[in-house]
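In: Quick one, structure for this:
(one chain, ligands or ions: 2)
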Amino acid sequence: MVDGWHWLTPPAPAAIALLRAPAHAALSDRSLPEPGRARFAHLCAVDGSIVDEVVITRLADAEIEIACHGGPGIRAAIEQALRGHGLLPMPAAVGTDRWSQLARAAHPAAVQWLLAHDESPPFPALFPTDMLYRVPVVLITGPANAGKSTLLNAWCGHQRALVSDIAGTTRDLIAAQTLVYGWRLRLLDSAGLRAGGDDLERAGQALVAHARRSADLVLYLRPPGDAGGETGDLIVQGKADLADREGLRWSVHGVAGEDAASLLDHLGSMVLERLHLPITSS
Ligand SMILES: Nc1nc2c(ncn2[C@@H]2O[C@H](COP(=O)(O)OP(=O)(O)OP(=O)(O)O)[C@@H](O)[C@H]2O)c(=O)[nH]1
Ligand SMILES: [Mg+2]
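Out: Ligands and ions are numbered 1, 2, ... in the order given. Below you'll find the predicted structure:
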């Protein structure tokens, strides 16, 4: 009898997971099925306690396949129980690493990239492999009433965030996802920048400051008469119907949605360039 077991499904969270193991009778609270048959059973730890409700299929005299629940917590508990029975993990089945990469890919373009580079890692030097699995964040900031939430809504195509002419309407970070060149972007609308205010107002300002530190790109929306924004920000003239561009390359009239699509394209290519990600055709 082999002493090793291995997962047949990748480690990404899923409703069920499959593993192949030696036909070790003590794994289950019921006798193992005959070869070629399956049965419901409880998978048990070495002390007899139940770990999961599973389906056990007897593949051969000495080999079983177990279909268990697929969340990360239950998988970890099962691994521990198998160790308790003296069964050691064997290297993953052929291709599992590949499946795992594809299952975890956060972007359609990442799937495309992985399929086009079908040799397993190592990846090309300097390729930011973590970005295949992580969604870049773009913070939309600027003074209160600049039109930030209006811009987010224009990009979403529906009213994702409340808009009003009362300065300080947005207090929380409001997230929405979009797809640019096949890569997902997480857009974060935020409280308008202003000093003072009550505790809630200051909490909103603290959220923006924190989001600025962790964002991959900051879009600073300048309302007419404002001159803010930091080096490295994409500074955009807001309320373009009420102001000249004042030397800025990008402007937007959020209410009319004018220029919003081309601005999003530009923003996407800026993020991709900054993160060294390829621009794909999709
Ligand atoms: N004329 C004009 N008005 C705009 C434009 N964009 C937004 N507004 C108006 O400006 C007001 C404020 O818009 P919001 O999108 O709520 O502004 P905000 O930056 O999110 O404001 P806070 O959440 O308070 O920080 C609303 O009355 C909008 O209708 C624009 O491009 N032109
Ligand atoms: Mg707002």
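In: what bridges to Asp175?
Out: Small correction: residue 175 is Ala, not Asp. Leu188 (DSSP bridges).
In: from here on, count from 51
Out: Okay, using 51 as the starting number, the last item reads as Ala225.
In: got the contact list for it?
Out: By C-beta atoms under 8 Å, 6 or more residues apart in numbering, the contact list for Ala225 reads 236-239. C-beta here means a position set from N, CA and C on the backbone, and glycine is covered the same way.
In: one more time with 10 Å, if that's ok
Out: Taking C-beta atoms under 10 Å, 6 or more residues apart in numbering, we find Ala225 in contact with 185, 187, 202, 210-211, 236-239, 261.
In: Where does pLDDT dip in the stretch 101-250 of the chain?
Out: In the predicted model, the stretch 101-250 of the chain carries pLDDT under 70 at residues 141-147, 168-176.
In: and it, which residues reach ligand 1?
Out: By C-beta under 6 Å from any ligand atom, the residues of the stretch 101-250 of the chain that approach ligand 1 are 194-200, 213-215, 217-220, 241-242.
In: tell me the two of these that are most distant?
Out: Greatest spatial distance among those (C-beta to C-beta): Asp215 and Ala241, at 15.9 Å.
In: Looking at these two, which is more packed in?
Out: Neighbours per residue (other C-beta atoms under 10 Å) separate Asp215 from Ala241, with Ala241 holding more: 26 against 6.
In: buried residues in the helix or strand encompassing Leu164?
Out: Per DSSP states H and E: Leu164 is located in helix 158-166. Residues of helix 158-166 classed as buried: 159-164 (neighbour count, 16 or more other C-beta atoms under 10 Å).
In: same check, this time on stretch 117-125
Out: Going by neighbour count (16+ other C-beta under 10 Å), the buried part of stretch 117-125 is 117-120, 124-125.
In: tell me how far the ends of it are from each other?
Out: Start and end residues of stretch 117-125 are separated by 11 Å (C-alpha to C-alpha, to the nearest Å).
In: before we move on, back to that, following the helix holding Leu164, which helix or strand comes up?
Out: Sequence-wise, the next helix or strand downstream of helix 158-166 (DSSP H and E) is strand 187-191.
In: From the chain's centroid, how far away is the helix or strand that that next one is followed by?
Out: Going down the chain from strand 187-191, the next helix or strand is helix 198-206, by DSSP H and E. Centre-to-centre, helix 198-206 and its host chain are 21 Å apart (C-alpha atoms, centre = their mean, to the nearest Å).
In: name the helices or strands packed onto helix 198-206?
Out: Counting contacts by 3 or more C-beta pairs under 10 Å, 6 or more residues apart in numbering; DSSP states H and E, helix 198-206 is packed against strand 187-191, strand 224-230, strand 233-239, strand 267-272, helix 310-324.
In: list the contacts for whichever residue of the stretch 201-332 of the chain sits closest to ligand 2?
Out: Scanning the stretch 201-332 of the chain for the residue nearest ligand 2 gives Thr220, at 3.1 Å (criterion: C-beta to the ion). The neighbours of Thr220, taking C-beta under 10 Å, 6+ apart as the test, are 190, 194, 198-199, 202, 211-214, 239-242, 254, 258.
In: separation between it and Asn203?
Out: According to C-beta to C-beta, to the nearest Å, Thr220 and Asn203 sit 11 Å apart.
In: Please identify every residue contacting each of the two.
Out: Shared contacts of Thr220 and Asn203, counting by C-beta under 10 Å, 6+ apart, come down to 211-213, 239.
In: Show the buried residues in those.
Out: Applying 16+ other C-beta under 10 Å to the shared contacts of Thr220 and Asn203 flags 211, 213, 239 as buried.
In: excluding its backbone neighbours, what's nearest Leu284?
Out: Leu269 (4.8 Å; C-beta to C-beta, 6 or more residues apart in numbering).
In: May I have stretch 261-273 as PDB, with CA atoms only?
Out: The C-alpha coordinates for stretch 261-273 follow below in PDB (Å, rounded to 0.1, in the frame of the first residue of the first chain):
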ATOM      1  CA  ALA A 261      -5.700  54.700   0.400                       C
ATOM      2  CA  ARG A 262      -3.300  57.100  -1.200                       C
ATOM      3  CA  ARG A 263      -0.400  55.200   0.400                       C
ATOM      4  CA  SER A 264      -1.500  51.900  -0.900                       C
ATOM      5  CA  ALA A 265      -3.000  52.800  -4.300                       C
ATOM      6  CA  ASP A 266      -1.200  51.800  -7.500                       C
ATOM      7  CA  LEU A 267      -2.300  55.100  -9.100                       C
ATOM      8  CA  VAL A 268      -3.900  58.300  -7.800                       C
ATOM      9  CA  LEU A 269      -6.300  60.300 -10.000                       C
ATOM     10  CA  TYR A 270      -6.500  63.800  -8.600                       C
ATOM     11  CA  LEU A 271      -9.600  65.600  -9.800                       C
ATOM     12  CA  ARG A 272      -9.100  69.400  -9.800                       C
ATOM     13  CA  PRO A 273     -12.300  71.500  -9.700                       C
END
